[in-house]
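> Sequence and predicted structure, then a few things I'm wondering about:
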Amino acid sequence: MFVRVGFLVLSLVLGLGCRDESASPTKDPEAAPSAPPSASVAAAPPVAAPPPAAPSLPALPSRKVASKTLTDGSLLGEFSFERAAGDEGMTWLAAEEACVAAGKHLCTATQWQAACEADPAIAAVETWTLTPERDAGFFVRGGGPGCGRKTVAPGAQASPFRAGACCSPALAAAGRDIQPAMLRAMAKNVLDLERTFNARRASALAGFFDERVRVFLKEKSRAEAVAIFEHEFGKYEDYAAVHELCDFSVAADDQTYTADCRKISRFGGKVGHVLTRYVFVAGAGKLRSITDPAVYRAFAEP
């Protein structure tokens, strides 16, 4: 009887030992290697969220902005204003070149203000202007309710929320005791000269120059003055000038009149903001002198 019980106990012990070994979680890895992970699963890259789509800013078809008297008393001539589709997300220079390709230029800060007062919807989109700030960057207008919002941004900065509006040439003309009709005629003379500069046609300048003309403090003959600009136009293919504001005055003898103009100039990849003084012969409108007596912002890359 003792033998049977002992044998039964021994059998139970041995049986339990076999079951424990088969259920052990720490098997020899060589005896039962685990299956390697699927190569396709291991190589699958993490799924990145798609970047947010850039906003599509509303375009504004070309519209005329009527001539008006500004708050400072100057008379701004009629011009066209347009914001084309796809002009968002550009640097200042790219926006300006897009306008030049369309036969216009970025609207000056003065033009933008006049256009916004005529149509307040223009203020909804933040917009580059052509006008440089005194130290660095360019004035940016709009981007909120009303026409008063004004900020400054570096020319190299591009924003998907900023557009570039294009305007045809127009300047604000002021002059004490000068009748509006005369102011318009004087402003037209400066704008005609501006168009000739921007067309880089030196030979066409001969029709604007007097027989003797002072060019940057040196008196030249008409032919010598033309040669100076012919050299400049040949050297700088990006030569451009835009007059924003001109203050006109008539000489005491009524023989000449002077235009002191805030001019935005670009050449050689640089942009500057200067005061250019033109002296014209009264009546004939011939240019007798052109000088730059002051610099509002030195020439630098935009």
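Everything's here; your move.

> Residue ranges in this protein under the pLDDT threshold?
1-55 (pLDDT under 70).

> how about the residue positioned nearest the centre of the chain, what does it touch?
Residue closest to the mean C-alpha point of the chain, counted by CA atoms, centre = their mean, is Trp92 at 2.1 Å. Listed by CB atoms under 8 Å, 6 or more residues apart in numbering, the contact set of Trp92 reads 106, 128, 138, 153, 155-156, 164, 302. The way it works is simple: take the backbone N, C-alpha and C, and place the C-beta from them, glycine included.

> May I ask you to name the longest strand in the protein?
strand 287-300 (DSSP state E).

> who does that one pair up with?
If you go by DSSP bridges, strand 287-300 pairs up with strand 209-215 (parallel), strand 270-281 (antiparallel).

> Give the buried residues for the first one.
So that's strand 209-215. 209-210, 213-215 (16 or more other CB atoms under 10 Å).

> From the chain's centroid, how far away is that strand?
Strand 209-215 sits 35 Å away from the centroid of its parent chain (CA atoms, centre = their mean, to the nearest Å).

> Export it to PDB, keeping only CA atoms.
Taking C-alpha atoms only, strand 209-215 is exported to PDB below (Å, rounded to 0.1, in the frame of the first residue of the first chain):
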ATOM      1  CA  PHE A 209      15.700 119.700 -71.100                       C
ATOM      2  CA  ASP A 210      16.400 123.400 -71.600                       C
ATOM      3  CA  GLU A 211      19.500 124.400 -73.600                       C
ATOM      4  CA  ARG A 212      21.500 124.400 -70.400                       C
ATOM      5  CA  VAL A 213      20.500 122.200 -67.500                       C
ATOM      6  CA  ARG A 214      22.000 121.700 -64.100                       C
ATOM      7  CA  VAL A 215      22.300 118.000 -63.300                       C
END
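
> Which residues does the following helix or strand past it contact?
Using DSSP states H and E, the helix or strand that follows strand 209-215 in sequence is strand 218-221. Contacts to strand 218-221, defined as CB under 8 Å, 6+ apart, come from residues 211-214, 228.
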